[in-house]
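*Asks:* Let me see the structure of the following:
(chains A and B)
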Amino acid sequence: MTDSFEPVIVGFTCNWCSYRAADAAGTARMKYAPNVRLIRLMCSGRLDPTFVMKALASGADGVLITGCHPGDCHYIDQNYKALRRFLLLRRTLKGLGVEPERIKLVWASAAEGLKLTNEINAFVEEIRALGPLHWPKWDSNGHTAEKQPILEVTA
Amino acid sequence: MSEKPKFAMYWAASCGGCEISVLNIGEKILDVDAHFEPVFWPVAVDSKYKDVEAMEDGSILLTLWNGGIRNQENEHIAHLLRRKSKILVAFGSCATEGCVPGLANLYPVEEIFSTAYHTVSTDNPQGIHPQPVVQVPEGTLTIPAMNPVLKTLAQVVDVDYFMPGCPPEPHQIAAVIDLVIAVLEGKAQLPPKGAVIGAGNSTVCDECPRARNVKHITAFKRIQDVAPLDPTLCILEQGVPCNGPATRSGCNARCPRVGAQCIGCYGPAEGVLDYGARLITAFASVVDAKEPEEIEAILDGIPDPVGQFYRFNLADSLLRAGVPAWKKNGH
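*Replies:* Residues are numbered from 1 along each chain as shown, chains lettered A, B, ... in the order given. Sure, this is the predicted structure:
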């Protein structure tokens, strides 16, 4: 790990709460780490785990999933679905050898700009401590950029 | 001599079940013989790599490729047969998505070798451990080296058509053979390049005759622990993880019809980018709990999520392999 490592984090926000929390943070001139790239969904229930897999495969070191507080979903209870997907996804990533801490779920209401700011900053430091993930870009031979073909296998 | 178009079938990292499935088409195999000249088919015809190398490029009309690309030999032959074939079909789950051999992408090659040759279940008194290159008094011996991970055929060469299934169902193979023969006779046209052939465009659930209601899962159970399984009701609804919702149709829901859960051998349904992610979505949606502890307790009923969600599809998933397969000792 080097001092120059800057985590790349993809953050998914919900249109009705957490995106507005981020907006509120901006309006109030609160600062959060620039490592997170926020993507707005209509609802955390729209979060297909495919998005997370794609983010990690494409070079993200961590993925932040945010939504309305339980009971506050604009679409009644879709954030509970997001919670269940998150928990199952975390178990699956663990099975693939990915630290489950690389994905995080945060509830933030439209009024909680400060909470979201703090959570983003904390998450960036957590990922910084974990180090880069740097999922390989497979070349046509299935080798990673860092690794040459295994020509010799030793016991 | 022969005016018949040439046919080839090859196996790479696979179990041989695809070859059996071809034989299971029954007397239809006579149609294959009537319309094609098998020029290279290791399980059935005694021809050598050098015979293929001697053929003109593009001279084989149809090559069915089964098996994943695990080592340098598989890769070499994939490139060779691509050059020699007009139509290259990724045949079966291993070729299209890696299948069970693709699960080795969870482990580094060293660990695979050590498990295969040096664990208690292996009788290997001399401690034999294969080496790609070995010096013996008579000279240098080589065997094909392992690639770091197993790849699908399309990750190595350009593929014309994909035919899923572990193995592809005989009636689907027969239908594809009929189609190719009809094309040869000018009575039909080939589907667009890149198409999935010999399968449906929907999900296994769509072909499943079991009754489906709104699902409220309060526990996931192993199928042997649900006794008796209701023969008319959706298997997932009864708490047994059934992969039907994410799996491509084409098998006619063979397993659920006889009381076994779908394990996903026909691969991702149309439009699904990551099979496992789609199943995570499906299973998480039907869990009937809202508190994290309660949800976790229900999810404990799926003790091996990677095996459940990626049994056939790991090598073709977005991540392709587990971290230990490509990263050693930290960074």
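
*Asks:* contact partners of stretch B:102-113?
*Replies:* Applying Cβ atoms under 8 Å, 6 or more residues apart in numbering or on different chains, the contact partners of stretch B:102-113 are A:95-97, A:150, A:153-155, B:68, B:70, B:94, B:98, B:115, B:129-130, B:146, B:148-150, B:152, B:306-307, B:310-316, B:320-322, B:324-325, B:328. Just so you know, the C-beta spots here come from the backbone N, C-alpha and C atoms, and that holds for glycine as well.

*Asks:* Inside strands: which ones of the residues you listed?
*Replies:* Counting by DSSP state E, those place B:70, B:146, B:148, B:149, B:150 in strands.

*Asks:* ok, and the most crowded of those residues?
*Replies:* In terms of neighbours by other Cβ atoms under 10 Å in any protein chain shown, the ones in strands among the contacts of stretch B:102-113 top out with residue B:149 at 31 neighbours.

*Asks:* For it, give me its contacts.
*Replies:* By Cβ under 8 Å, 6+ apart, the contact list for residue B:149 reads A:138, A:142, B:104, B:105, B:315, B:320, B:321, B:325, B:326.

*Asks:* And these, which is closest to residue B:123?
*Replies:* Nearest to residue B:123 out of the contacts of residue B:149 is residue B:104 (Cβ to Cβ; 21.8 Å).

*Asks:* any idea how far residue B:153 is from the closest one?
*Replies:* 17 Å (Cβ to Cβ, to the nearest Å).

*Asks:* Just want to know which of those two has more residues nearby.
*Replies:* Ranked by neighbour count (other Cβ under 10 Å), residue B:104 and residue B:153 place residue B:153 first, with 28 against 24.

*Asks:* Just the buried residues of the contacts of stretch B:102-113.
*Replies:* With burial judged by 16 or more other Cβ atoms under 10 Å in any protein chain shown, the buried subset of the contacts of stretch B:102-113 is A:95-97, A:150, A:153, B:68, B:70, B:94, B:98, B:146, B:148-150, B:152, B:306, B:310-316, B:320-322, B:325.

*Asks:* Filter these down to the ones in helices?
*Replies:* When the buried ones among the contacts of stretch B:102-113 are checked against helices (DSSP state H), the matches are A:95, B:94, B:306, B:310, B:325.

*Asks:* Residue A:133: which of those is nearest?
*Replies:* When those are compared against residue A:133 (criterion: Cβ to Cβ), the nearest one is residue B:325, at 14.2 Å.

*Asks:* hmm, back to that, any chance of TSV for the contacts of residue B:149, columns pLDDT and distance to residue A:64?
*Replies:* Shown next, in TSV, are those (pLDDT from 0 to 100; distance: Cβ to Cβ, whole Å):
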residue	pLDDT	distance to residue A:64
A:138	79	26
A:142	56	30
B:104	96	32
B:105	96	27
B:315	97	28
B:320	96	24
B:321	96	24
B:325	94	26
B:326	90	24
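
*Asks:* Make a markdown table out of these and add distance to residue B:192.
*Replies:* What follows is the contacts of residue B:149, written out as a markdown table (distance: Cβ to Cβ, whole Å):
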| residue | distance to residue B:192 |
| --- | --- |
| A:138 | 26 |
| A:142 | 27 |
| B:104 | 33 |
| B:105 | 30 |
| B:315 | 25 |
| B:320 | 26 |
| B:321 | 30 |
| B:325 | 34 |
| B:326 | 34 |
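
*Asks:* neighbours around residue B:28, how many?
*Replies:* 16.

*Asks:* Next, the contact list for it, please.
*Replies:* Neighbour list for residue B:28: B:173, B:174, B:177 [criterion: Cβ under 8 Å, 6+ apart].

*Asks:* Let me know the pLDDT of it.
*Replies:* Per-residue pLDDT puts residue B:28 at 93.

*Asks:* do the one 4 residues further on as well
*Replies:* Residue B:32 is assigned 92 on the pLDDT scale.

*Asks:* any chance you could read off phi and psi for residue 89?
*Replies:* By default, I'm working from chain A. phi -60, psi -40 (degrees, to the nearest 10).

*Asks:* Let me rephrase: I mean chain B.
*Replies:* For residue B:89, the backbone dihedrals are phi -110, psi 120 (criterion: degrees, to the nearest 10).

*Asks:* show me the residues around it that make contact.
*Replies:* So residue B:89 contacts B:62, B:63, B:64, B:65, B:159, B:160, B:161, B:162, B:163, B:197 (Cβ under 8 Å, 6+ apart).

*Asks:* Which pLDDT value does the model give whatever residue of chain A ends up closest to chain B?
*Replies:* Nearest to chain B, among the residues of chain A, is residue A:97, at 3.1 Å (Cβ to the nearest Cβ). What the model reports for residue A:97 is a pLDDT of 97.

*Asks:* One more: residue B:2?
*Replies:* 54.

*Asks:* and what of residue A:141?
*Replies:* pLDDT at residue A:141 comes out at 56.

*Asks:* Could you do residue A:154 as well?
*Replies:* Residue A:154 carries a pLDDT score of 44 in this model.

*Asks:* so how many other residues sit close to residue B:126?
*Replies:* 5.

*Asks:* I should have written residue B:265 there, sorry.
*Replies:* Residues lying near residue B:265 (other Cβ under 10 Å) number 26.

*Asks:* Look up how far residue B:314 lies from residue A:47.
*Replies:* Distance, residue A:47 to residue B:314, using Cβ to Cβ: 22 Å.

*Asks:* same thing with residue A:85?
*Replies:* 19 Å.

*Asks:* again, but for residue B:120
*Replies:* Between residue B:120 and residue B:314 the distance is 27 Å, computed by Cβ to Cβ.

*Asks:* mind checking which helix or strand the most centrally placed residue in chain A is in?
*Replies:* By Cα atoms, centre = their mean, chain A has its centre lying nearest to residue A:63, at 0.8 Å. Taking DSSP states H and E as the definition, residue A:63 sits inside strand A:62-67.

*Asks:* Check which residues of that strand are buried.
*Replies:* Across strand A:62-67, burial judged by 16+ other Cβ under 10 Å covers A:62, A:63, A:64, A:65, A:66, A:67.

*Asks:* ok now stretch B:81-100, how far from the chain's centre?
*Replies:* 10 Å (Cα atoms, centre = their mean, to the nearest Å).

*Asks:* circling back to that earlier point, could the buried residues of strand A:62-67 be laid out in CSV, adding distance to residue B:43 and pLDDT?
*Replies:* Formatted as CSV, the buried residues of strand A:62-67 follow (distance: Cβ to Cβ, whole Å; pLDDT from 0 to 100):
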residue, distance to residue B:43, pLDDT
A:62, 48, 98
A:63, 45, 98
A:64, 51, 98
A:65, 49, 98
A:66, 54, 98
A:67, 54, 97
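
*Asks:* mind showing which ranges of chain B have poor pLDDT?
*Replies:* Along chain B, the parts satisfying pLDDT under 70 run over B:1-2, B:328-331.

*Asks:* Which one of the residues in it is closest to chain A?
*Replies:* residue B:323 (3.1 Å).

*Asks:* Without its sequence neighbours, what residue ends up closest to that residue?
*Replies:* Nearest non-adjacent residue to residue B:323, counting by Cβ to Cβ, 6 or more residues apart in numbering or on different chains: residue A:97, 3.1 Å away.
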